[in-house]
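# fold the following and give me the result.
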Amino acid sequence: MKVVGTMFFKNQKILIDKPRKRATYQMIGGGVEENETTLEAAIRECHEELGNKAIFDETKFELIMDFDEIATSDPTKKIHFYVYKYSGILEGDLTESEEIEKFLWYDSSFGTDILSNTLKHEVIPYCIKNNLIK
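The predicted model follows:
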């Protein structure tokens, strides 16, 4: 199964969200649908999860890394995760929804207990190593 996530940054923090059905925060993203590229999926998921008041330029997504992972929601499910970095500034307002309970601009001072496996083991270490977050 293919999954995408997008990194948005502001003031050396990364935007993550907490789904209502999960105990941990995750990346903005989700599954790739049939006949959809990973980039198309990343853009679609950003529209769905951030809400219609969030403003971003769809041409500013860059594939940064991809890796195999075990799904946080199902430890028996293997996924291939594609991570995009948004190179612009996210504008407008974020909107919670039936799916998304809240958003958080995360830096390492929050610790890792609140994070999904993908964030904890892959994305946050990458962000710290590359000085993208504090």
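# excluding its backbone neighbours, what's nearest the most centrally placed residue in the chain?
In the chain, the centroid-proximal residue (CA atoms, centre = their mean) is Met27; its distance is 2.2 Å. Closest residue to Met27 apart from its sequence neighbours, by CB to CB, 6 or more residues apart in numbering: Gly5 at 3.1 Å. Where you see a C-beta, it was placed from the backbone N, CA and C, and this is true even at glycine.
# who's that neighbour bridged to?
Legend: beta-bridge partners of Gly5 under DSSP bridges are Gly29, Val83.
# and it, how many neighbours?
Using other CB atoms under 10 Å as the criterion, Gly5 is surrounded by 24 other residues.
# ok, Thr6 to Asp113 distance?
Distance check for Thr6 against Asp113: by CB to CB, to the nearest Å, it reads 23 Å.
# and Lys2, by the same measure?
28 Å.
# does Glu45 really touch Gly30, like I thought?
Yes. With contact defined as CB atoms under 8 Å, Glu45 counts as touching Gly30 (4.6 Å).
# quick one, which of the two is more surrounded?
The neighbour comparison of Glu45 against Gly30 (other CB under 10 Å) goes to Glu45, with 22 against 19.
# that one: what secondary structure?
helix (DSSP: H, G, I helix; E, B strand; the rest coil).
# so which residues make contact with the helix or strand of the chain with the lowest mean pLDDT?
None of the helices or strands of the chain scores lower by mean pLDDT, DSSP states H and E than helix 117-118, at a mean of 90. For helix 117-118, the external contacting residues (CB atoms under 8 Å, 6 or more residues apart in numbering) are Gly5, Gln26, Met27, Glu69, Ile70, Thr72, Phe81.
# I'd like these laid out as CSV, including secondary structure and distance to Lys120.
What follows is the contacts of helix 117-118, written out as CSV (DSSP: H, G, I helix; E, B strand; the rest coil; distance: CB to CB, whole Å):
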residue, secondary structure, distance to Lys120
Gly5, strand, 13
Gln26, strand, 10
Met27, coil, 11
Glu69, strand, 11
Ile70, strand, 12
Thr72, coil, 9
Phe81, strand, 13
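# among those, who's most crowded?
With neighbours taken as other CB under 10 Å, the top of the contacts of helix 117-118 is Met27, carrying 27 neighbours.
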